[in-house]
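Engineer: next input, structure requested:
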Amino acid sequence: MDRLDAMKVFIMTLDEGGLAAAGRKLGRSPAAVSRAIAFLEERVGTELLHRTTRSIKPSEAGERYALTCRRVLSELEDADVAAAGETAVPRGTLSITAPVVSGETVLRPILDAFLEAFPTVSARLTLIDRHVQMVEEGVDAALRIGELEDSSMIAIRVGEVRRVVVAAPRYLKQHPRIERPGDLAQHQVITMAYFANSWTFPPRPGSSVARTVQFTPRLVTNSTRSAVASAVSGLGVTRLFSYQVAEQVQQGELEIALANCEDPPTPVHVVSPPGRQSLPKVRAFLDFAVPRLRSAFAQLIKNLVRPC
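Structural biologist: From the prediction side, this is the model:
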């Protein structure tokens, strides 16, 4: 059996979530898919998938092997394209990653439009709130919010976001005024799990010491959407990126507090590993997506100002 073909079957099985679904996508029987995976497992000498009657799940070895397979298959596809030269039509699978909320609300509609415009390109969009290892995981481009740590990546700035403190208007009317960061200690706080017990604000004018507010949160969550919904319901005050609450602020469901105590704006970039931009599918995506991303993030900043 061809090992590269078996790798493609293995990756398709993971992406589709089952043997039968992978078989339908590939035009093969579930038995043929199972044989391909068994071939790989025999070759590497370990189980790659945990199978049950209802689902499959990669083993720890399977997760590591999948990263290698994706990289190998991506590099082979890129080699074919590179051999065709500069005149090659954009084609193949574009692998993109982004944080969950910005990926869903900002990037995904742009990616949909790109795929409509380039029918010979397909895409794999991974939405996850961590920085993936782009080279190791075979990722072509990523939307990154925050200062860039890896200087080897090619980065294009597409906007900026703010970190804002917000609460529902009715909550603000029923509780003490929030005029300075220290006032938050008197309030019910909805916080993300990675900022569970404190928030840090810029120094006071004339000082170099950042202001840290300690609190006992009323609600801790790992879901941005949950934090937004609880704030809209009037449970308390939360602190999120501006794009995560722009719609609710525009509609009057949330109001911004402590606008004069915000951190400097946080940059947003599209990044790609060195050499990837020369590939037609990546170059075409960047040419298409960058101006649209800039427009989208600029509009989100405007949406933080409620109409009179």
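
Engineer: could you use CA atoms for every contact and neighbour count after this?
Structural biologist: Will do.

Engineer: hey, which helix or strand in this protein has the poorest pLDDT?
Structural biologist: Every helix and strand of the chain was ranked by mean pLDDT, DSSP states H and E. The lowest is helix 60-84, at a mean of 80.

Engineer: now it: buried residues?
Structural biologist: 62, 65-74, 78, 81 (16 or more other Cα atoms under 10 Å).

Engineer: go on, stretch 206-213?
Structural biologist: residue 211.

Engineer: the least confident helix or strand of the chain: what's the following helix or strand?
Structural biologist: Next helix or strand after helix 60-84 toward the C-terminus (DSSP states H and E): strand 92-98.

Engineer: so residue 164, which state does it fall into?
Structural biologist: strand (DSSP: H, G, I helix; E, B strand; the rest coil).

Engineer: near it, how many other residues are there?
Structural biologist: Using other Cα atoms under 10 Å, residue 164 is surrounded by 22 other residues.

Engineer: now do the contacts for it.
Structural biologist: 239, 240, 241, 242, 256, 257, 258, 259, 262 (Cα atoms under 8 Å, 6 or more residues apart in numbering).

Engineer: let's have those in JSON lines, adding pLDDT.
Structural biologist: Below are these laid out as JSON lines (pLDDT from 0 to 100):
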{"residue": "239", "pLDDT": "95"}
{"residue": "240", "pLDDT": "95"}
{"residue": "241", "pLDDT": "93"}
{"residue": "242", "pLDDT": "92"}
{"residue": "256", "pLDDT": "95"}
{"residue": "257", "pLDDT": "94"}
{"residue": "258", "pLDDT": "92"}
{"residue": "259", "pLDDT": "90"}
{"residue": "262", "pLDDT": "90"}
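
Engineer: filter these down to just the ones in helices.
Structural biologist: residue 242 (DSSP state H).

Engineer: which among the contacts of residue 164 end up buried?
Structural biologist: Buried among the contacts of residue 164 by 16+ other Cα under 10 Å: 239, 240, 241, 242, 256, 257, 262.

Engineer: TSV for these, including distance to residue 283?
Structural biologist: Supplementary listing: these in TSV, determined by distance: Cα to Cα, whole Å:
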residue	distance to residue 283
239	36
240	32
241	29
242	29
256	38
257	41
262	36
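
Engineer: which one of those residues is nearest residue 217?
Structural biologist: residue 239 (12.0 Å; Cα to Cα).

Engineer: quick check: bridge partners of that closest one?
Structural biologist: Taking DSSP bridges as the rule, residue 239 bridges to residue 165.

Engineer: for the stretch 151-300 of the chain, what spans make up the strands?
Structural biologist: 154-161, 163-167, 189-192, 198-201, 211-214, 219-221, 237-241, 255-257, 266-272 (DSSP state E, counting those that start in this stretch).

Engineer: could I get those strands as CSV with distance to residue 44?
Structural biologist: Shown next, in CSV, are the strands of the stretch 151-300 of the chain (distance: least, Cα to Cα, whole Å):
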stretch, distance to residue 44
strand 154-161, 35
strand 163-167, 47
strand 189-192, 41
strand 198-201, 47
strand 211-214, 51
strand 219-221, 40
strand 237-241, 44
strand 255-257, 55
strand 266-272, 31
